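> I'll drop the sequence and a predicted model, then ask my questions.
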Amino acid sequence: MSELETAYPWALFNLEQGVYGVSSQYIKSIFKIENLIKMPGMPDYMRGAVNMRGKIVPIIDTRKFYGFQSVAEEINGLTELLGQRKQDHINWIRELEDSVVENREFKLTTDPHACAFGKWYDHFETNDNTLEYLLRKFDAPHKRIHKVGVEVRQLVDQGEREKAFDVIRKAKNNELIQMIKLFDTLVNDFTESKRELAIVLEHPKQNLEIGLTVDRVIAIEPILEDRENSLDSVTHKSHESLDLGKRSKDQTPVFIIDENYFFNL
């Protein structure tokens, strides 16, 4: 396996879980996306345009172009999901308290792996280090709050109703508040971490410039040819604007972008 023939290294960046590469030969600038100009009649994969020293440069939402959800859609989806799971736990402890007040069976789960959040939490995977770090903070308080349900039912069975109420009050003032703060912090911090960048590409011979949105730039380095795999064998998001390479350090697939494809859109 040999390095792809180019005098320039490749700028590698993330889109969702994948690693993509564009030749640094074509890169004019990289900047955080803000103050986009909305243009009427643009395709849905066009985010808008920016004014770069008097020149209007169109910005492509690269995620949407390749069939992924946009960053805004990802944030909105996670915000909605976490809002529901936060309310689930508010309702859970309220139902626990009501079951003691009304002296009836508590039918919700006391297993932290069986509630809707627990099932999602146990199976959720991400390469977003910020999101992974924030989610780890849920583990201990989430397990503790479900353990409260076991403790309360045991106290009720022993006739210790006042002690059961005391345990619930403490859980509402501690574990539940901690969980609510974690849900809110996760949404806010995740939103702040999703500050997309735009890589502006400039044609070396023609007066053409275009920007591609990226989640984050991860490296500037040479990459290797991949003569063993096809694009279709490593992704269901294959596209005629893409080719396949590999990172030299760990053989991670790199989806190589054909810059001319975008210049000709």
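Thanks, I have the structure now. Given the structure is predicted, the values throughout are model-derived calculations rather than measurements.
> got any ranges where the stretch 1-150 of the chain has weak pLDDT?
Across the stretch 1-150 of the chain, residues meeting the criterion (pLDDT under 70) sit at 1-7.
> the same query, at a cut-off of 90, please.
For the stretch 1-150 of the chain, the stretches flagged by pLDDT under 90 are 1-8, 16-17, 34-35, 38-42, 53-54, 125-132, 134.
> touching, residue 202 and residue 28? I think so.
Yes - Residue 202 lies in contact with residue 28 (CB atoms under 8 Å); the separation is 4.0 Å. No exception for glycine: its C-beta is placed from N, CA and C like everyone else's.
> who's in contact with the helix or strand containing residue 164?
Using DSSP states H and E, residue 164 sits within helix 161-173. Residues outside helix 161-173 that contact it (CB atoms under 8 Å, 6 or more residues apart in numbering) are 93, 96-97, 100, 145, 148, 151-152, 155-156.
> kindly export it (C-alpha atoms) in PDB.
Only the C-alpha atoms of helix 161-173 are listed here, as PDB (Å, rounded to 0.1, in the frame of the first residue of the first chain):
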ATOM      1  CA  ARG A 161     -44.000   4.200  55.800                       C
ATOM      2  CA  GLU A 162     -42.600   7.400  57.400                       C
ATOM      3  CA  LYS A 163     -39.000   6.200  56.700                       C
ATOM      4  CA  ALA A 164     -40.100   5.400  53.100                       C
ATOM      5  CA  PHE A 165     -41.400   9.000  52.700                       C
ATOM      6  CA  ASP A 166     -38.100  10.300  54.200                       C
ATOM      7  CA  VAL A 167     -36.100   8.300  51.600                       C
ATOM      8  CA  ILE A 168     -38.300   9.700  48.800                       C
ATOM      9  CA  ARG A 169     -37.900  13.300  50.100                       C
ATOM     10  CA  LYS A 170     -34.100  12.900  50.200                       C
ATOM     11  CA  ALA A 171     -34.100  11.400  46.700                       C
ATOM     12  CA  LYS A 172     -36.200  14.300  45.300                       C
ATOM     13  CA  ASN A 173     -33.800  16.800  46.900                       C
END
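> just checking, what packs against whichever helix or strand comes after that helix?
Beyond helix 161-173 on the C-terminal side, the first helix or strand identified by DSSP H and E is helix 175-193. Helices and strands touching helix 175-193, by 3 or more CB pairs under 8 Å, 6 or more residues apart in numbering; DSSP states H and E, are helix 71-101, helix 129-136, helix 139-157.
> ok, and what's touching helix 175-193?
For helix 175-193, the surrounding residues in contact (CB under 8 Å, 6+ apart) are 75, 78-79, 82-83, 85-86, 89-90, 93, 128, 130-131, 134-135, 137-138, 141-142, 144-145, 148.
> narrow the contacts of helix 161-173 to those that are buried.
With burial judged by 16 or more other CB atoms under 10 Å, the buried subset of the contacts of helix 161-173 is 93, 96-97, 100, 145, 148, 152, 155-156.
> in TSV: those residues, plus distance to residue 226.
Compiled in TSV, those are given as follows (distance: CB to CB, whole Å):
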residue	distance to residue 226
93	52
96	55
97	59
100	62
145	48
148	52
152	57
155	62
156	62
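> quick check: the two most widely separated of these?
Spanning the widest gap among the buried ones among the contacts of helix 161-173 are 145 and 156, at 17.4 Å by CB to CB.
> buried ones among the contacts of helix 175-193?
In the contacts of helix 175-193, burial by neighbour count holds for 75, 78-79, 82, 85-86, 89, 93, 128, 131, 134-135, 138, 141-142, 145, 148, counting by 16+ other CB under 10 Å.
> turn the helices and strands packed on helix 175-193 into TSV, including distance to residue 120.
Listed next are those as TSV, based on distance: least, CB to CB, whole Å:
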stretch	distance to residue 120
helix 71-101	7
helix 129-136	10
helix 139-157	11
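> pull out the buried positions in stretch 175-183.
By neighbour count with 16+ other CB under 10 Å, stretch 175-183 contains the buried residues 175-176, 178-179, 182-183.
> ok, the residues you listed vs residue 66, which is closest?
Using CB to CB, residue 183 is the member of these that lies nearest residue 66, at 30.7 Å.
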